[in-house]
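Asks: 3D, please:
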Amino acid sequence: MSPTGLLRGKTAIITGGTTGIGRAIALEYLRQGCNVVVNHLGLARDAGHLASLEREAGALAEAAAAAGDVGVLDHLAGDVSDPATGPALVRHAVARFGRLDVCVSNAGICEFAEFLTLGGDLWARTVRTNLDGAFYVVQAAAQQMAAQAPAPAAEGGGRGAIIGVSSISALVGGGRQAHYTPTKAGVLSLMQSCAVALGPHAIRCNALLPGTVRTQLNDADLADPAKRAYMEGRIPLGRTGDPRDLAGPAVFLASDYLSGYVTGAQLLVDGGLFVNLQ
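Replies: Residues are numbered from 1 along each chain as shown. Sure, this is the predicted structure:
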């Protein structure tokens with residue numbers, strides 16, 4: 001059983017937080033005592049995802065009622081590609097919980113397509129969501145963090161931690177991902193530049209790089225037994241990732257106690273895939 005209370009009293013926003021990797025991070029943050037505001041598009045399907053997340057969050061709270069360390073879950077709808085969504089999400093979190101300590105820019109789309117027939121609409125939609133959306137949310141979070149008082153010295157003294165969910169695709173090419181891989185490289189680069197720009201404000205910025213993690217984005221692709229066997233054969237740990245595999249690393253990067261001197265870093269969470277690409 002992993003330790004709890006590592007993020008006690010903190011507040012986080014997580015974009016794309018009702019499914020996949022974002023959902024797994026949200027639940028672990030709650031378990032660690034962090035108040036969490038998740039962002040979603042507000043579509044009909046999101047209602048079901050949100051209800052499921054709320055049920056599991058409620059079960060966490062009930063199981064830990066005696067300790068009282070579980071965080072509070074809230075949510076706000078909005079499309080991250082809209083420049084107004086990031087600031088609205090930050091305002092909502094601060095109005096509800098008083099400050100913002102952690103921002104996880106996770107929302108993204110990945111639709112496989114052949115390069116020679118790739119349309120401009122798909123290119124633009126992918127860039128607007130994955131890269132523009134990350135910029136808007138990260139900038140809004142950083143503005144709030146820079147303006148607020150630092151945490152007590154006993155808690156690290158920082159003003160906040162920003163985590164950009166990039167991808168192993170930021171480091172390698174993909175024949176059917178020529179519109180996707182540049183956006184994930186952009187998220188990685190954004191975190192590196194923000195680490196430099198925001199370091200003087202005591203704000204840490206790091207990137208998480210998932211490998212092949214089975215989520216709704218690639219579920220159909222990995223449903224092919226031959227494709228899945230091929231991918232698993234290239235991963236030293238012998239399996240594709242689960243969204244929960246990203247939760248612990250996201251806690252590490254959010255915690256001043258665990259990673260207070262870590263900024264500008266890229267953390268691969270890929271089962272060893274990158275070092276075995278040949």
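Asks: Walking through the stretch 151-278 of the chain, point out its helices one by one.
Replies: 181-198, 219-222, 225-234, 247-254, 256-259 (DSSP state H, counting those that start in this stretch).
Asks: which stretch in the ones you listed is the model least sure about?
Replies: With a mean of 65, helix 219-222 has the lowest mean pLDDT of the helices of the stretch 151-278 of the chain.
Asks: ok so, going back, could you dump the helices of the stretch 151-278 of the chain to TSV with mean neighbour count?
Replies: C-betas here are computed from N, CA, C, even on glycine. As requested, the helices of the stretch 151-278 of the chain are exported to TSV (neighbours: other CB atoms under 10 Å):
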stretch	mean neighbour count
helix 181-198	19
helix 219-222	12
helix 225-234	12
helix 247-254	22
helix 256-259	16
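Asks: Of all those, which one is nearest A26?
Replies: helix 247-254 (8.8 Å; CB to CB).
Asks: Pull the distance from that closest one to the chain's centre.
Replies: Distance of helix 247-254 from the chain centroid (CA atoms, centre = their mean, to the nearest Å) equals 10 Å.
Asks: Check the protein for its longest helix and report it.
Replies: Ranked by number of residues, the top helix in the chain under DSSP state H is helix 44-63.
Asks: Return the set of buried residues in that one.
Replies: Within helix 44-63, the residues that count as buried by 16 or more other CB atoms under 10 Å are D46, H49, L50, L53, A57, L60, A61.
Asks: Same question for stretch 134-143.
Replies: Quick answer for stretch 134-143 (16+ other CB under 10 Å): A134, F135, Y136, V137, V138, Q139, A140, A141, A142.
Asks: ok, those vs L273, which is closest?
Replies: A134 (23.0 Å).
Asks: Would you agree the closest one falls within a helix?
Replies: Yes - under DSSP: H, G, I helix; E, B strand; the rest coil, A134 sits within a helix.
Asks: hang on, isn't it packed against L190?
Replies: Yes - when contacts are counted by CB atoms under 8 Å, A134 is listed as touching L190 (6.1 Å).
Asks: joint contacts of those two?
Replies: G164 (CB atoms under 8 Å, 6 or more residues apart in numbering).
Asks: So in the protein, where's the weakest helix or strand by average pLDDT?
Replies: Of all helical and strand segments in the chain, the minimum by mean pLDDT, DSSP states H and E falls on helix 219-222, at a mean of 65.
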